[in-house]
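Next input, structure requested:
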Amino acid sequence: MKNAVRGTGLSSVNKKKLNLRVWLEAAGWITLVAFLWGTDLLAKFSVREQTGIGLDNFRLVSEQVTSALAILIMVLFLIQWLKLFPPTLKEWPRTVIGHTIGSIFFAFGHFALMVALRVPWYALNGRNYVWREPFANNLVVEYQKDIKIYIGFIVVISAYQHYRRSRSAVPQSRADRLIVQTGKGDSVLRLRDIDYLE
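Residues are numbered from 1 along each chain as shown. Sure, this is the predicted structure:
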């Protein structure tokens, strides 16, 4: 029995696989966010070219990059929040309430992180980032955008977790025999002939 207890834990091969998976997942999120926010940045450049209305290059790029970085940090919050409120039809009221609250936390966290990143960045470039006025309006605008991101990312994370669970599920064995080690070697027993195990 002592040997069985010592055998628990991750082997070096499994640790390497786990580390590789974590890095691949991080790379996947970075790629997804870079694509979405990069596409949005190009669209804003295009609108500015067509209409002549829009932010200057420094503000456009700075605000997109800081928004993307803040979102990547908030992905960690989403993963943990999903553990508390996994989407399920059986407890749908709890799921709806939990994710309504989660979306508010997500939007506020995204906004707070953007401000925390932009204020020093603007100051380093001799500019002043104004975020206090109108504070409430900014939060409402951010929430209207962020709730869509929240729902989309929850769907992505849930689908990925479902895929991983389905891949790691152990298929049920249909064997009707069991190999048992005895003092004289291996012995094959039919399951229907076993009365009890000790």
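
rest of the way, CA atoms for contacts and neighbours
OK.

Show me which residues of the strand or helix carrying Leu139 are buried.
Following DSSP states H and E, one finds Leu139 within helix 135-168. The neighbour-count criterion (16 or more other Cα atoms under 10 Å) identifies Leu139, Tyr143, Asp146, Ile147, Ile149, Tyr150, Phe153, Ile154 as the buried residues of helix 135-168.

I'd say the fourth one and Ser103 touch.
Yes: contact criterion Cα atoms under 8 Å: Ile147 and Ser103 qualify, at 5.9 Å.

Quick check: next helix or strand after the lengthiest helix in the chain?
In the chain, with assignment by DSSP state H, the single longest helix is helix 12-51. Using DSSP H and E, the next helix or strand after helix 12-51 towards the C-terminus is helix 57-84.

Run the chain-centre distance for the helix or strand following that following helix.
Along the chain past helix 57-84, the next helix or strand (assigned with DSSP H and E) turns out to be helix 92-124. Helix 92-124 has its average C-alpha position 15 Å from the chain's average C-alpha position, going by Cα atoms, centre = their mean, to the nearest Å.

Give me the buried positions along helix 92-124.
Going by neighbour count (16+ other Cα under 10 Å), the buried part of helix 92-124 is 95, 98-99, 102-111, 113-115, 117-118, 121-122.

Nearest residue to Ser67 in space, ignoring adjacent ones along the chain?
For Ser67, ignoring the flanking residues on the chain, the nearest one in space by Cα to Cα, 6 or more residues apart in numbering is Met114 at 5.7 Å.

For that neighbour, give its distance to Ile154.
Using Cα to Cα, to the nearest Å, Met114 is found at 21 Å from Ile154.

can you pull the contacts of Asp186?
Applying Cα atoms under 8 Å, 6 or more residues apart in numbering, one finds that Asp186 lies in contact with Ile179, Val180.

What residues are recorded as beta-bridge partners of it?
With DSSP bridges applied, the residues forming beta bridges to Asp186 are Gln181.

And it, how far from Leu178?
Asp186 sits 10 Å away from Leu178, taking Cα to Cα as the criterion.

since we're on Lys67, how many residues are nearby?
Residue 67: Ser, not Lys. 20 (other Cα atoms under 10 Å).
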